[in-house]
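Visitor: Give me coordinates for this.
(2 chains)
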Number of protein chains: 2
Amino acid sequence: MAKELKELTKSEENYSQWYNDLVVKAGLAENSAVRGCMVIKPYGYAIWEKMHEILDRMFKQTGHQNAYFPLFIPKSFFSKEAHHVEGFAKECAVVTHYRLKNDPEGKGVVVDPDARLEEELIVRPTSETIIWNTYKNWIQSYRDLPILCNQWANVVRWEMRTRLFLRTAEFLWQEGHTAHATREEAIAEATKMINVYKDFAEKYMALPVIVGHKSPNERFAGAEDTLTIEALMQDGKALQSGTSHFLGQNFAKAFDVQFTNKEGKLDYVWATSWGVSTRLMGALIMAHSDNNGLVLPPALAPIQVVLVPIYKGEEQMRTIVAKLREVAATLEARGLSVKVDDRDNVRSGFKFAEYELKGVPVRLALGPRDLENGTIELMRRDTLEKETVSQEGLAERVENLMQEIQGNIFNKTKKFRDSMITRVDTWEEFVNVLDTKGGFISAHWDGTVETEVAIKEATKATIRCIPLDVVDEEGVCIYSGKPSHRRVLFARSY
Amino acid sequence: MAKELKELTKSEENYSQWYNDLVVKAGLAENSAVRGCMVIKPYGYAIWEKMHEILDRMFKQTGHQNAYFPLFIPKSFFSKEAHHVEGFAKECAVVTHYRLKNDPEGKGVVVDPDARLEEELIVRPTSETIIWNTYKNWIQSYRDLPILCNQWANVVRWEMRTRLFLRTAEFLWQEGHTAHATREEAIAEATKMINVYKDFAEKYMALPVIVGHKSPNERFAGAEDTLTIEALMQDGKALQSGTSHFLGQNFAKAFDVQFTNKEGKLDYVWATSWGVSTRLMGALIMAHSDNNGLVLPPALAPIQVVLVPIYKGEEQMRTIVAKLREVAATLEARGLSVKVDDRDNVRSGFKFAEYELKGVPVRLALGPRDLENGTIELMRRDTLEKETVSQEGLAERVENLMQEIQGNIFNKTKKFRDSMITRVDTWEEFVNVLDTKGGFISAHWDGTVETEVAIKEATKATIRCIPLDVVDEEGVCIYSGKPSHRRVLFARSY
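Guide: Numbers count the residues shown, from 1 in each chain, chains lettered A, B, ... in the order given. As a prediction, the model looks like this:
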């Protein structure tokens, strides 16, 4: 591990390699034998489980229930919503057969040509179509509305260039799908859920995000409006971290889902969908970590405090480990998740490096001198500051420190993010800031798809969002010179 | 709903239709547009979530961690373990392409023939092969062992005849996959986990099960030994409810997973795998329910207590609902999950029938006379007994009742199950008991596959298990007349 740690690429040398090294060496995930699909290892999965648990609680507190819909979607369902099929058809896994048979030539197994499906099935890249086909039978009257369902599931999008957590062929996510009697109610739901995502990102991931509307060109395929939370990574690139869509009546019309409203008239149902995925793991890792490894906010750290004994000889070890277990018990009593590392086949220096790599928020180390003095060495991962403190009142101190570290990580990240929002008013500035500084650029845009696409082609920067809290301001588009009524946020992104 | 309830088929008329009606009308699940795949509706999913949560805690308490492995398995992996491919090849969904394109004839979308995969991918029917291919890189020395991973996932087996929860093309499950340095340790793990399943079934599902070994012919494809828990349904058919496999070194050999043992020598790793699935939902429903609907054990009931107001006019409703909310708060304070049904568009009789259908363990109903007298009507779902009780001490009474109902459901089910284990010593008796009584038949078997298969062909009964607590007893096989050293359990099964 000490050796592996040395091999961790420095972020300033190669940010992309640094990220990949972190994910693999901290034991979060690795590539599998299946192109583009990852294995999420136990330590990585433990973080995802915490995210899952907290988000699930937030969804239930806002009135949602979980359900489960099929993995497969009949091909014909895709054609029903024109934009949707346009958006997803080019990257989906297609099941064509349902049986293998022994190779007549004796080489393993082959697909049985007699077991061809009448209609091909698509492995879901998202579930609007199968869910709205189901909702059709659940909805007759306004009394059946709203339907507020969420699903935790795996989805597949056949991405050509993949990267662990950020872009994988298969990923884990949740997808909320709600049905409403009115346009207003559906818009309110989409807004409510993007704010749930914002709260989750900021309070638990310690990740400041900007909430806004996507430009029409960047909307979800089939949506009338897409809301997004946009985060900034340490290399100055933006990362879309969650989206919530107002789908209008598009899917209700595609699947003929009508209801009798309070006035006794038939109308199409209004819809939203919203989702976050294991991509959040990528955001968490990239936003906070450093050249020593992960920096995990305490709210999502599988191990919040690690206790390491410093000793010579077996007898000393026994005494010190016993003391550490006592300390651990007082921490656990306060609801902290704690690990005593009593392995005797690796040195304490190795352990120190390992828990730094794994981003454990607080490390406590106890040696023979501490035992005499009633002290303990405390290191916090976010600042790497070490101090020797009294064992007395330690549990309360560590408990408070969790809040402090959580706040500090958020503030540090927010300070950086805020410093990386640059207002520019000319094309020259725009290009210059993009190439020398990066981050978000707040600039005027004429509102046309043509300009948006031209800017993307020229610079690889896209409109990340039109922030919800944007103020009206007259100006001219940095690219076309045409009039603009508000600034939008551009950035290069993952 | 009252109308729907009337349409619930009686179990004695058509057990299979009764089951299907229950699942659909109680809102647990329904068939989807995709052949053999079900939609798990919110009420059904809430029960599964409780199962998931309790099992997950039990796995973690026994030292396991969760991870996640790919949905897809390269076809060539299947050929590596001969029995495994034999067991699964005939029922698997095969992905052959990764893109759709617009139909040149303008009719929706078609599979793009240019996007054919070099090697087909199988949608996992179980994950031994992809996991052991991964473990290969995780294991070098005995210090890397044991690996104790579990995965919560969806799997696909292309069953020709499907039935909601009991046998579906896609289902949800957990699969544990462990790696060990010794044969003994792996056998101990497989035994430990079948006992976790037994505890879960008996304590939480109120479902008595028999633990035993499968006969060689009924083993998991690739296992050296399969342990099973077998439950009995009310129609006298058995249901395999969970299995735990000792895989020997089969998968380690197939994927070349070797480790250096304590003596410094290379050896193949020993393996287990174990799983339970949404099939448990089927077991839960079939084992306890009656002609009024579901009977849920309190430990798994999403709603444990429902409170229904009985009133005339709006003012009375307000007063009574307010009182019910007070009562509900005292129940919630004891950790019970509670619902006050204040809908004003359906009658209380409709509500009563609905919660009976949904299997809510306790129903409380409060009318104007109760309000005067300080009483409340209490009905328990398991016995359908009603009594009027004092509001005083109600919360404690209901809390205790949860234990009592849980115990009563278990005892009733166990009493029935025990009455349905018949010892027979002749072939005539065997056939007669199967046809007139059903249930488990404890009989001598000569230990050969030929006899087992012949009995199955003659009667559709299979060896459910060789119970762990079987006693040695000399006898002769009911079919072949050859010598036998112990009895085994036969039954017809789902």
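
Visitor: Mind telling me which residue of the stretch 101-250 of chain A is nearest chain B?
Guide: Scanning the stretch 101-250 of chain A for proximity to chain B using C-beta to the nearest C-beta identifies residue A:108 as nearest, at 3.3 Å. The way it works is simple: take the backbone N, C-alpha and C, and place the C-beta from them, glycine included.

Visitor: Show the contacting residues for whatever residue of the stretch 201-350 of chain A ends up closest to chain B.
Guide: For the stretch 201-350 of chain A and chain B, the shortest gap (C-beta to the nearest C-beta) falls at residue A:345, measuring 7.1 Å. Applying C-beta atoms under 8 Å, 6 or more residues apart in numbering or on different chains to residue A:345 gives the contacts residue B:143.

Visitor: mind pulling up the phi and psi values for it?
Guide: Here is the backbone geometry of residue A:345 (degrees, to the nearest 10): phi -100, psi 0.

Visitor: Name the helix or strand for residue A:311, please.
Guide: Using DSSP states H and E, no element contains residue A:311; it sits outside every helix and strand.

Visitor: what about stretch A:278-285, near chain B?
Guide: No: Stretch A:278-285 does not reach chain B (C-beta under 8 Å from any C-beta of the partner chain); its nearest approach is 8.7 Å.

Visitor: How far away from the center of its chain is the top helix by length along chain A?
Guide: Longest helix of chain A, by residue count under DSSP state H: helix A:394-419. Centroid separation for helix A:394-419 versus its chain: 20 Å, with C-alpha atoms, centre = their mean, to the nearest Å.

Visitor: same question, stretch A:196-206
Guide: With C-alpha atoms, centre = their mean, you get 10 Å for stretch A:196-206.

Visitor: So what would you say the end-to-end distance of that stretch is?
Guide: In stretch A:196-206, first residue to last residue: 14 Å (C-alpha to C-alpha, to the nearest Å).

Visitor: if we can go back for a sec, how about the contacts made by the closest residue to the residue of the stretch 101-250 of chain A closest to chain B other than its chain neighbours?
Guide: Using C-beta to C-beta, 6 or more residues apart in numbering or on different chains and skipping the chain neighbours, the partner closest in space to residue A:108 is residue B:79 (3.3 Å). Listed by C-beta under 8 Å, 6+ apart, the contact set of residue B:79 reads A:108-109, B:85.

Visitor: touching chain B at all, stretch A:34-49?
Guide: Yes: Stretch A:34-49 lies within reach of chain B by C-beta under 8 Å from any C-beta, at A:34, A:37-42, A:45-46, A:48-49.

Visitor: now, which of the residues you listed lie within strands?
Guide: Among the residues of stretch A:34-49 next to chain B, DSSP state E puts A:38-40 in strands.

Visitor: Of these, which is the nearest to chain B?
Guide: Nearest to chain B among these, counting by C-beta to the nearest C-beta, is residue A:40 at 4.0 Å.

Visitor: What residues does the nearest residue to that closest one once chain neighbours are set aside make contact with?
Guide: Setting aside the residues directly before and after it, residue A:40 is nearest to residue B:68 in space (C-beta to C-beta, 6+ apart), at 4.0 Å. Listed by C-beta under 8 Å, 6+ apart, the contact set of residue B:68 reads A:39-40, A:45, A:48, A:172, B:151, B:153.

Visitor: in chain A, which helix or strand is least confident?
Guide: helix A:2-6 (a mean of 55; mean pLDDT, DSSP states H and E).

Visitor: Buried residues in whatever helix or strand comes next after that one, which are they?
Guide: Helices and strands here follow DSSP H and E; after helix A:2-6, the next one along the chain is helix A:15-25. Using 16 or more other C-beta atoms under 10 Å in any protein chain shown as the test for burial, helix A:15-25 gives A:15, A:18-25.

Visitor: Which of the residues you listed sits closest to chain B?
Guide: Nearest member of the buried residues of helix A:15-25 to chain B, counting by C-beta to the nearest C-beta, is residue A:24, at 10.9 Å.

Visitor: Am I right that that closest one is in contact with residue A:38?
Guide: No: if you go by C-beta atoms under 8 Å, residue A:24 and residue A:38 don't touch, sitting 10.3 Å apart.

Visitor: Can you check which residues contact both of the two?
Guide: With C-beta under 8 Å, 6+ apart as the test, residue A:24 and residue A:38 both reach A:30, A:164.
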